[in-house]
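>>> For reference, the sequence and a predicted model appear below.
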Amino acid sequence: MKRNITLIAIPIIATFLFVVTYNQPAFAENMTVTIPFGAANPNFDTPTVEWFSPSVVTVRAGDTITWVNKDKEIHNITSGNGINRIEFATTNRVGTPDGLFQSGSFKPGQSWSYTFTTPGIYHYFCSIHPWMNGAVVVNQQVPTVATDASGQAITKWPVVEKTLDGQYEADLSWEPHVILTNEKVTMVFQFYNGITGRMIEGGVPYKLAIVQNGKELFRTDGHTQIGGDFKYFVFDKPGTVTFRFQNVGDGNSFVDFTTMVYQNPNETNANTPVIQPARNVALGQEFTLLFIGPPIVLVVVMILWAKGVFSGLRNTSKMSHTEKKRSPL
Ligand SMILES: [Cu+2]
């Protein structure tokens, strides 16, 4: 008997453990950003190609980032905006901390961790070496279960709601249930008699409006067909969404369905900050390009002009050309 219980208990415990492990906040991850050797070098002959590697990381709310100092100097992680190397060489600016986080100094071989709980874009730099800039993009956690706008899980599909006057029952489903930005959503819906629950012969006229974050994104008139209507939609922004059916059956009644759209974690965020990489360019060269570049281009254009390379253009700009010829240059 005891043996039998053990035999039954093992798979149950195993299943339980599996479910518990599986349902852990699966996205909470630890990411590492390396401060490479040479990051403390303000000159333009640094052996590194990035101040922080990677210089821009995308994580989800709840994730922890650990910065590891693999340089030979002390560094720190300071939230806010640093400066670039030209500014460092030519001004006395030192960067602008925003006070969100500050690691304090950590030595070569040491590390520092910070957990990002709120979605957003966080810029940071090293206040000792303010040209060392990095950024963290924190996206919202994507839940595994769809919710309505108030955060209540939607567990039954299709979602069934009655119009305000009770005359119609609206059934709405959307696929995938958890909506991500820039991913096609298929909406399927049908109306039934709100009192008898029966299919309505000849279909039902309706107006459909899709409202996101208080702004109407889409509106259409329709008339349901047998088997239900469907619409495709793609959201490009995260936020709460209302699917509103108005004038159902040409009456004044309406019905609302709400849900949330989440930032697609696989999508390149258009707002991803661009961090200036380290480059093995001499400071002199960078300035040369800046100050000598435009005059060189001008001289080249003038020489080409004189040689008649632009003869095709001369016909169309004869006036200015003749004027130029007359000028005592
Ligand atoms: Cu530093």
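Looks like it came in fine.

>>> use CA for all of it now, contacts and neighbours both
Noted.

>>> Need the contact partners of stretch 126-136.
Stretch 126-136 is contacted from outside by 39-40, 42, 51-52, 55-59, 75-78, 81-85, 88, 94-95, 121-125, 273, 275-276, using C-alpha atoms under 8 Å, 6 or more residues apart in numbering.

>>> Of these, which are in range of the ion?
His75 (C-alpha under 5 Å from the ion).

>>> residues near the residue of the chain found nearest the ion, how many?
Relative to the ion, the nearest point of the chain is His75 (3.5 Å; C-alpha to the ion). By the criterion of other C-alpha atoms under 10 Å, His75 has 26 neighbours.

>>> try Gly151
12.

>>> helices and strands of this structure: which one has the lowest mean pLDDT?
One helix or strand of the chain scores below all others by mean pLDDT, DSSP states H and E: helix 318-326, with a mean of 41.

>>> any chance you could map the strands in the stretch 151-300 of the chain?
159-162, 168-175, 179-180, 185-193, 205-212, 215-223, 229-233, 239-246, 255-262 (DSSP state E, counting those that start in this stretch).

>>> still on that earlier bit, ok, now which ones touch the residue of the chain closest to the ion?
40, 69, 105-107, 126-129 are the contacts of His75 under C-alpha under 8 Å, 6+ apart.

>>> Mind doing that once more with 7 Å?
105-107, 126, 128 (C-alpha atoms under 7 Å, 6 or more residues apart in numbering).

>>> could you dump stretch 189-205 to PDB, C-alpha only?
Backbone C-alpha positions of stretch 189-205 (Å, rounded to 0.1, in the frame of the first residue of the first chain) are rendered in PDB as follows:
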ATOM      1  CA  PHE A 189     -17.400  38.800 -33.700                       C
ATOM      2  CA  GLN A 190     -21.100  37.900 -33.900                       C
ATOM      3  CA  PHE A 191     -24.400  39.300 -32.500                       C
ATOM      4  CA  TYR A 192     -27.200  37.300 -31.100                       C
ATOM      5  CA  ASN A 193     -30.700  38.200 -29.800                       C
ATOM      6  CA  GLY A 194     -30.000  39.500 -26.300                       C
ATOM      7  CA  ILE A 195     -33.200  37.900 -24.900                       C
ATOM      8  CA  THR A 196     -33.500  34.600 -26.700                       C
ATOM      9  CA  GLY A 197     -29.800  34.100 -27.400                       C
ATOM     10  CA  ARG A 198     -30.700  33.100 -31.000                       C
ATOM     11  CA  MET A 199     -28.800  33.900 -34.200                       C
ATOM     12  CA  ILE A 200     -30.400  36.900 -35.900                       C
ATOM     13  CA  GLU A 201     -31.500  36.100 -39.500                       C
ATOM     14  CA  GLY A 202     -30.300  38.600 -42.000                       C
ATOM     15  CA  GLY A 203     -27.500  39.800 -39.800                       C
ATOM     16  CA  VAL A 204     -27.100  42.900 -37.700                       C
ATOM     17  CA  PRO A 205     -25.800  46.400 -38.800                       C
END
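
>>> Residues touching that stretch, excluding its own?
162, 166-173, 222-226, 228-230, 248-250.

>>> Pull out the buried positions in it.
189-194, 199-200, 203-205 (16 or more other C-alpha atoms under 10 Å).

>>> got the buried residues for stretch 137-152?
137-142, 146-147, 149.
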